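In: Make a model of this:
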Amino acid sequence: MYSTRSIHSLPRLLTSTVYRPRTILHADMDAFFAAVEQRDRPELRGKPVIVGGDGPRSVVSTCSYEAREFGVHSAMPGTTARKLCPQGIFLPVRSEAYGAVSRQVQEIFHRYTPLVEPLSLDEAFLDVTGSSQLFGDGEAIARSIKADVLKETRLTISVGVSPCKFVAKVASDLDKPDGLVIVPPDRVLDFLAPLPVSCLWGAGRDMQERMVRLGLRTIGDVQRRSSEELQRLLGSAAGAHFAQISRGQDDRPVVTGHPAKSVGHENTFGTDLADREECHGVLVDQSDKVGRRLRKAGRLGRTVRVKVRFGDFKTLTRQAAVAPTDNDFVIGKAAVELFDGVWDGKTGIRLLGVAVGNLVRPEEPVQTDLFTEGDRQSDRLVRALDTIRDRYGRRAIRHGASTMKA
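Out: Numbers count the residues shown, from 1 in each chain. Next up, the predicted model:
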């Protein structure tokens with residue numbers, strides 16, 4: 001158990017000048033959206049549940065472990081999921097239901113440390129280095145969190161414990177569902193060594209294939225090469241990155257919440273995308289989500305930014321100024337145009353992301369002459385769509401990629 005008094009002493013403990021290895025947790029809910037559906041609808045338990053729809057432009061958000069046995073996975077096109085698992089039960093995303101559970105879980109995290117970095121609705125990093133005097137070591141804290149989550153939400157969560165973010169993230173993935181993997185500081189190299197290079201943070205399919213061609217099949221193979229050799233083989237940036245990360249050298253801090261400077265959404269794909277129209281569809285879907293989050297937050301953005309990571313690890317970002325907006329159509333049109341500016345039609349796409357920055361409140365003065373009548377009409381349309389989605393679910397109506405083009 002915890003008390004209000006004890007948790008308030010954490011900042012003092014966390015600022016101790018005595019050095020010791022960090023204790024980082026990566027906590028990840030198991031098949032989160034699908035698990036919530038199976039919890040709320042007992043008749044779905046044990047069945048292949050696929051959340052995200054199966055329309056021509058839909059993307060799988062999450063699927064149950066039963067569906068994964070058929071090869072279905074997150075970020076897969078809905079039509080592909082239907083072919084792999086025709087008996088699957090396809091459900092729309094219930095954002096508010098998942099958000100409510102996410103807030104419950106976040107509250108549990110904050111009982112044990114103020115240093116919580118949410119990554120999404122269903123996962124977060126926690127720095128519990130300064131919490132041991134109150135709650136025990138990393139393993140004890142992880143077990144307490146798992147027990148609290150199960151008791152209070154009736155859902156399971158997997159946790160990895162290690163001295164750094166990367167290793168904690170890998171550890172949490174290795175024993176799902178309901179897993180707990182602890183990697184002490186003196187076991188990091190041995191823990192990583194037998195794992196395939198696909199576990200390396202930042203190694204997309206094309207990079208993995210390149211590594212295998214070079215004889216780098218496991219993380220241990222990468223560990224045995226010098227940084228200089230890896231830079232020569234893989235490129236300067238990628239080589240230096242993999243030399244460090246393969247050894248568990250990751251000093252990124254756990255970054256706690258702060259006022260958002262931008263609102264964004266990105267997806268990493270299990271298989272690199274090679275079709276331009278499919279990329280457009282993903283960007284449109286991301287723009288839809290970003291616009292809706294802006295409207296819920298009461299913010300307008302003046303910059304649209306697109307992030308593109310190719311299969312060879314090369315990452316590009318492009319941005320464009322827009323009149324202050326929370327409009328899906330305006331965001332999507334800008335995103336598609338920015339993407340087309342870097343698309344070469346040859347290299348697969350590993351990651352796509354859309355973000356809107358330079359945020360202002362609607363009441364702040366703007367140049368009204370920048371808005372066209374078309375902008376005003378589409379503003380009214382997206383708000384009408386919000387009303388429909390609030391009642392029937394986000395996927396009740398979807399934008400088509402063609403509506404975002406000039």
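
In: which residues does the closest residue to L351 other than its chain neighbours contact?
Out: Leaving aside its sequence neighbours, L351 sits nearest to R309 (C-beta to C-beta, 6 or more residues apart in numbering; 3.7 Å). Any C-beta I mention is one placed from the backbone N, CA and C, and that applies to glycine too. The contact partners of R309, taken as C-beta atoms under 8 Å, 6 or more residues apart in numbering, are 204, 268, 315-316, 349-352.

In: Now the two most distant members of those residues.
Out: Spatially, the most separated pair among those is T268 and L316, at 15.3 Å (C-beta to C-beta).

In: sorry, back to before: closest one of the contacts of R309 to S102?
Out: Distances from S102 to the contacts of R309, taken by C-beta to C-beta, are shortest for T268, at 20.2 Å.

In: Secondary structure class of the closest one, three-state.
Out: What DSSP: H, G, I helix; E, B strand; the rest coil gives for T268 is strand.

In: follow-up on the earlier one: out of the contacts of R309, which end up buried?
Out: 204, 349-352 (16 or more other C-beta atoms under 10 Å).

In: low-scoring stretches of this protein, by residue?
Out: For the chain, the stretches flagged by pLDDT under 70 are 1-20, 53-57, 257-260, 363-406.

In: Specify the residue ranges that define each domain of it.
Out: Domain assignment for the chain by automatic domain parsing gives 1-10+24-184, 193-245, 262-404.

In: Columns distance to V254 on top of these, output as JSON lines?
Out: Output for the domains of the chain, formatted as JSON lines (distance: least, C-beta to C-beta, whole Å):
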{"stretch": "domain 1-10+24-184", "distance to V254": "4"}
{"stretch": "domain 193-245", "distance to V254": "16"}
{"stretch": "domain 262-404", "distance to V254": "20"}
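
In: Which of the ones you listed sits closest to P253?
Out: Set against P253 and scored by C-beta to C-beta, those come closest in domain 1-10+24-184, at 7.4 Å.

In: Check the gap between K146 and H26 for me.
Out: 13 Å (C-beta to C-beta, to the nearest Å).

In: OK, contacts around D173?
Out: Contacts for D173 were tallied using C-beta under 8 Å, 6+ apart; they are 28, 158, 160, 199.

In: Switch those over to a markdown table; also include neighbour count, distance to R22 and secondary structure.
Out: Converted to a markdown table, the contacts of D173 look like this (neighbours: other C-beta atoms under 10 Å; distance: C-beta to C-beta, whole Å; DSSP: H, G, I helix; E, B strand; the rest coil):
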| residue | neighbour count | distance to R22 | secondary structure |
| --- | --- | --- | --- |
| D28 | 21 | 19 | strand |
| S158 | 23 | 20 | strand |
| G160 | 28 | 13 | strand |
| C199 | 19 | 21 | helix |
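
In: Save those as TSV, and put in distance to E229 too.
Out: Output for these, formatted as TSV (distance: C-beta to C-beta, whole Å):
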residue	distance to E229
D28	34
S158	35
G160	29
C199	21
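
In: Which one of these is nearest to A193?
Out: Comparing the contacts of D173 against A193 with C-beta to C-beta places C199 closest, at 11.0 Å.

In: wait, what's in contact with that closest one?
Out: For C199, the contact set (C-beta under 8 Å, 6+ apart) comprises 170, 173, 192, 219.

In: So for the helix or strand containing V282, what gets flagged as buried?
Out: If you go by DSSP states H and E, V282 is part of helix 276-297. Residues of helix 276-297 classed as buried by neighbour count (16+ other C-beta under 10 Å): 278-295.

In: name the helices or strands packed onto it?
Out: Using 3 or more C-beta pairs under 8 Å, 6 or more residues apart in numbering; DSSP states H and E, the elements in contact with helix 276-297 are strand 262-273, helix 328-340, strand 349-357, helix 373-392.

In: re earlier: would you turn the contacts of C199 into CSV with distance to L91 and secondary structure?
Out: What follows is those, written out as CSV (distance: C-beta to C-beta, whole Å; DSSP: H, G, I helix; E, B strand; the rest coil):
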residue, distance to L91, secondary structure
V170, 30, helix
D173, 24, helix
L192, 37, helix
I219, 37, helix
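
In: correct me, but L44 touches I89?
Out: Yes. Using C-beta atoms under 8 Å, L44 is in contact with I89, at 6.4 Å.

In: A168: what's it in contact with?
Out: Contacts for A168 (C-beta under 8 Å, 6+ apart) come out as 24-26, 125, 160-162, 183.

In: 6 Å instead, please
Out: For A168, the contact set (C-beta atoms under 6 Å, 6 or more residues apart in numbering) comprises 24, 26, 160, 162.

In: which phi and psi does the first one have?
Out: Going back to what we said before, that points to I24. The phi/psi pair for I24 (degrees, to the nearest 10) reads phi -110, psi 130.

In: Show me what it is bridged to.
Out: For I24, the beta-bridge partners under DSSP bridges are D127, S162.

In: Just to check, V255 is in contact with V116?
Out: No. In terms of C-beta atoms under 6 Å, V255 does not count as a neighbour of V116; the distance is 9.6 Å.

In: higher neighbour count, the two?
Out: Each of V255 and V116 has its neighbours counted (other C-beta atoms under 10 Å); V116 has more, 21 against 12.

In: F339 contacts R305, doesn't it?
Out: No. Using C-beta under 6 Å, F339 is not in contact with R305; the gap is 11.2 Å.

In: All the strands of the stretch 101-250 of the chain, residue numbers only.
Out: With strands called from DSSP state E, counting those that start in this stretch, the stretch 101-250 of the chain shows them at 116-120, 123-127, 157-162, 180-182.

In: In its sheet, which strands sit next to the shortest one, and in what direction?
Out: Strand 180-182 sits in its sheet next to strand 157-162 (parallel), going by DSSP bridges.

In: just the angle between the strand it pairs with and strand 123-127, please?
Out: The directions of strand 157-162 and strand 123-127 differ by 40 degrees, with axes from the mean of the first three to the mean of the last three C-alpha atoms, to 10 degrees as the criterion.

In: surely D148 meets Q106?
Out: No. Contact criterion C-beta under 6 Å: D148 and Q106 do not qualify, at 11.9 Å.

In: So between those two, which is more surrounded?
Out: Using other C-beta under 10 Å as the criterion, D148 and Q106 rank with D148 on top: 20 against 14.
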